[in-house]
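Visitor: can you look at this prediction? I've put the sequence above it.
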Amino acid sequence: MDQHNEEHKSGFSESSGSEAVLVSSHAKHANVIIAGLAVLVVVIMFVSLALGRFSIPPDQAVKMILNNIVPINQTWTDQQAALFFNVRLPRVLMALLVGCCLSVAGAAYQGTFQNPLVAPDILGASQGAAFGAAVAILMHFSDWGISINAFCWSLFTVFLVLVISAHARGNHITVVVLAGVMVSSLFSAGVSYAKLVADPNDELAEITYWLMGSVTGASMSGIANVFPIMLVGSIILFVVRWRINILTMGDDEAATMGVNARKIRLLIIIAATLVTAASVCVTGMIGWVGLVIPHLCRMLVGADYRKLIPASMLMGSGFLLLVDDIARLATAQEIPIGILTAFVGAPFFLFLITRKKRA
Amino acid sequence: MSIDVKHVSFSYGKHEVLHDVSFEIPDSTLVNVLGPNGVGKSTLFRCILCLNNTYTGQILVNGKDIRNMSVKERAREISYIPQSHTPVYDYEVIDVVTMATGHELKLLANPGKTQLEHAYEALERVGIEKFAHRTYTQISGGEQQLVLIARALAQNAKTIIMDEPTSALDYGNTVRVLSCVKELAHEGLSIIQSTHNPDQAFLYSGRTLVLSNGRVMAYGDPRDIITSELISKLYHVDVDVQSLYNDKVRVCIPVDQIHD
């Protein structure tokens, strides 16, 4: 055997490799990048808390947060505190949460469907939510009623896609994605119809604004409602992340390696749908984040999902918060964040599909 | 570990691909499945792996019906090397090999130090440990095939099924991969591989299974099977099988090229 091994080695020895070590320099490198991203997110968060037309210095912001845990001598005005806790903090937290959720769902779906061009709403989560929101707006629900309706319709849409694909013939993955695209377009038509019958004086504007996506209306109570759902979904995706690697090899290969691909995929779809629905139901449609961030992370930490999932969570949070800062500060009137993410996302998408594949 | 295939038939819709296939593979045997394209070699493998589970008949692994085993149990018995394909994402070689250790883990666990060590041992056994941190999609086809063999070894099953492991390789890589496979069979693994090359089936097998139109045409010692008559009949071309080096090698020669 030794002799044979020698032959193999000499046969393939065009590159002189160093001795194999258990933890690769690449894996360490990835860990450093993930730690760096975490620091960056914290920095962006504190800067964002301070930024705004109404100035709240970062040290005051920290003190105000700490004051909730241990009482501190008040060095801020009540007006500052009200603005901080009712407007700025919830908005910053919501941007962080939604960015994290959309990115992690996108990354998980890109692996699960073995397709790098897949976004978290591939199974209709966004269009379903949009339809639910449009109907709720037509029926003059409260803001919170709109969110609940959007959330329910989002889940229902994905459920519909899964039921249809379970009854369809052909390659399982292709069928799921196709069903998702078709059901999406169905609900998209429903949204168009809702716009058609909406009162152009108020309802139409509200629907249109909802579709553009924004974290403006965030409140601490709103966050408290969606946070548990986001947390559960994200934890599931984080825990199964290594198995997404195996899913990308295809169902048959996964099965021969002892992994039931369909079960894991269903778990991932449920988790990713929960976090996506919880996000879009409060913010409206925020595109591109879920598609773009996982790709950026792949370039930084490699394709291994054990690194890719945490990296996507962090970078997604930081990215969406940054974009939201631009959305609220760049011009006198707010730019809906959905428009801005597309401004960044669309050119990057074009870059991706025209980029030459590395040899 | 023995594999016992009993009267297995399989159809895709009305099209019958396998018809009453029966054979038995004893422990540590290198079996070549020989037959033209589309004869049902891959389908047979998919049945043994239980990826096609609607066959009639029975497949026993160590006396246990493969259909009554869980996905994890099957992975502990048989590993599989598919026909070459490129994954969508650029994994490192070591990540690809580690994928096969999932059946050792609880549902929520990630591979730890033990699994990583198994993966490195497997790479060393195939002699490609220096590729551990190369990108799988950027190494050559022959190297990729060796990585997949290492992955199958890391899975630690007693049987490896390989679907045309050398179909996409050049001559040098073919020889390297097949020598490696033969060596592993000497070490006690059972290996079932398909090929459409009779020379290979003779040189690299302990037993040869010949499939024709989904039926077993012959099964046994390659010396009895790789003959002019059988190969000519199997591929519908006139072939003269010549024996070289005291019958260590047999070579197929198309008859119309040697007689003018």
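Guide: Yes, it's here. Numbering: from 1, shown residues only, chains lettered A, B, ... in the order given.
Visitor: now stretch B:233-248: buried residues?
Guide: Within stretch B:233-248, the residues that qualify as buried are B:Leu234, B:Tyr235, B:Val239, B:Val241, counting by 16 or more other C-beta atoms under 10 Å in any protein chain shown. Bear in mind the C-beta positions are built from the backbone N, C-alpha and C, glycine included.
Visitor: surely the second one and B:Pro36 touch.
Guide: Yes: the criterion here is C-beta atoms under 8 Å, and B:Tyr235 meets it with B:Pro36 at 5.8 Å.
Visitor: just to revisit the earlier point, for A:Val323, state which of the buried residues of stretch B:233-248 is nearest.
Guide: Taking C-beta to C-beta as the measure, A:Val323 lies nearest B:Tyr235 of those, at 63.3 Å.
Visitor: where's A:Ile33 relative to chain B, distance?
Guide: 15 Å (C-beta to the nearest C-beta, to the nearest Å).
Visitor: give me the number of residues near that residue?
Guide: Burial of A:Ile33 is recorded as 18 neighbouring residues (other C-beta atoms under 10 Å in any protein chain shown).
Visitor: before we move on, what SS does it have?
Guide: helix (DSSP: H, G, I helix; E, B strand; the rest coil).
Visitor: model confidence for it, exactly?
Guide: pLDDT for A:Ile33: 94.
Visitor: doesn't A:Leu300 make contact with it?
Guide: Yes: using C-beta under 8 Å, A:Ile33 is in contact with A:Leu300, at 5.3 Å.
Visitor: joint contacts of these two?
Guide: Between them, A:Ile33 and A:Leu300 have A:Ala311 as joint contacts when contacts are counted by C-beta atoms under 8 Å, 6 or more residues apart in numbering or on different chains.
Visitor: elements contacting the lengthiest helix in chain B?
Guide: The longest helix of chain B (DSSP state H) is helix B:171-186. Applying 3 or more C-beta pairs under 8 Å, 6 or more residues apart in numbering or on different chains; DSSP states H and E, one finds that helix B:171-186 contacts helix A:2-12, strand B:30-34, helix B:141-154, strand B:190-195, helix B:198-203.
Visitor: now the helix or strand hosting A:Phe46: how far from the chain's centre is it?
Guide: For A:Phe46, the element it lies in under DSSP states H and E is helix A:25-50. Averaging C-alpha positions (C-alpha atoms, centre = their mean, to the nearest Å) puts helix A:25-50 17 Å from its chain's average.
Visitor: buried set for that helix?
Guide: A:His26, A:Ala27, A:Ala30, A:Ile33, A:Ile34, A:Leu37, A:Ala38, A:Val41, A:Ile44, A:Met45, A:Ser48, A:Leu49.
Visitor: on that earlier part again, so of the buried residues of stretch B:233-248, which ones are in strands?
Guide: Among those, the members falling in strands (DSSP state E) are B:Val239, B:Val241.
Visitor: adding pLDDT and distance to chain A, write the buried residues of stretch B:233-248 out as CSV.
Guide: Compiled in CSV, these are given as follows (pLDDT from 0 to 100; distance: C-beta to the nearest C-beta, whole Å):
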residue, pLDDT, distance to chain A
B:Leu234, 92, 28
B:Tyr235, 90, 28
B:Val239, 90, 31
B:Val241, 89, 28
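Visitor: how about the closest residue to chain B within the stretch 101-250 of chain A: what's its closest non-neighbour residue?
Guide: Nearest residue of the stretch 101-250 of chain A to chain B (C-beta to the nearest C-beta) works out as A:Trp242 at 4.5 Å. What sits nearest to A:Trp242 in space, not counting adjacent residues and going by C-beta to C-beta, 6 or more residues apart in numbering or on different chains, is B:Asn110, at 4.5 Å.
Visitor: quick one: contacts for that neighbour?
Guide: Neighbouring residues of B:Asn110 by C-beta under 8 Å, 6+ apart: A:Arg241, A:Trp242, A:Arg306.
Visitor: do the same with B:Gly57
Guide: B:Val5, B:Lys6, B:His7, B:Val8, B:Ser9, B:Asp20, B:Val21, B:Ser22.
Visitor: do B:Tyr91 as well
Guide: A:Asn245, A:Gly302, A:Ala303, A:Asp304, B:Thr135, B:Tyr136, B:Thr137.
Visitor: same deal with A:Ala125?
Guide: Shown in contact with A:Ala125 (C-beta under 8 Å, 6+ apart): A:Ser154, A:Thr157, A:Val158, A:Thr273, A:Thr276, A:Ala277, A:Val280.
Visitor: any chance of those residues in TSV, with secondary structure too?
Guide: Output for these, formatted as TSV (three-state DSSP):
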residue	secondary structure
A:Ser154	helix
A:Thr157	helix
A:Val158	helix
A:Thr273	helix
A:Thr276	helix
A:Ala277	helix
A:Val280	helix
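Visitor: and these, which of them are buried?
Guide: So, by 16+ other C-beta under 10 Å, the buried ones in the contacts of A:Ala125 are A:Ser154, A:Thr157, A:Val158, A:Thr273, A:Thr276, A:Ala277, A:Val280.
Visitor: from those, pick the one nearest B:Glu73.
Guide: Set against B:Glu73, the nearest of the buried ones among the contacts of A:Ala125 by C-beta to C-beta is A:Thr273 (31.1 Å).
Visitor: the nearest residue to that closest one once chain neighbours are set aside and A:Ile137, how far apart?
Guide: Among residues not flanking A:Thr273 along the chain, A:Val158 sits closest, at 4.6 Å (C-beta to C-beta, 6+ apart). A:Val158 is 22 Å from A:Ile137, where distance means C-beta to C-beta, to the nearest Å.
Visitor: tally of neighbours for whichever residue of the stretch 251-359 of chain A sits closest to chain B?
Guide: Nearest residue of the stretch 251-359 of chain A to chain B: A:Gly258, at 2.7 Å (C-beta to the nearest C-beta). By other C-beta under 10 Å, the residues close to A:Gly258 number 24.
Visitor: that one: what's it in contact with?
Guide: For A:Gly258, the contact set (C-beta under 8 Å, 6+ apart) comprises B:Val71, B:Lys72, B:Arg74, B:Ala75, B:Arg76, B:Gly102, B:His103, B:Gln155.
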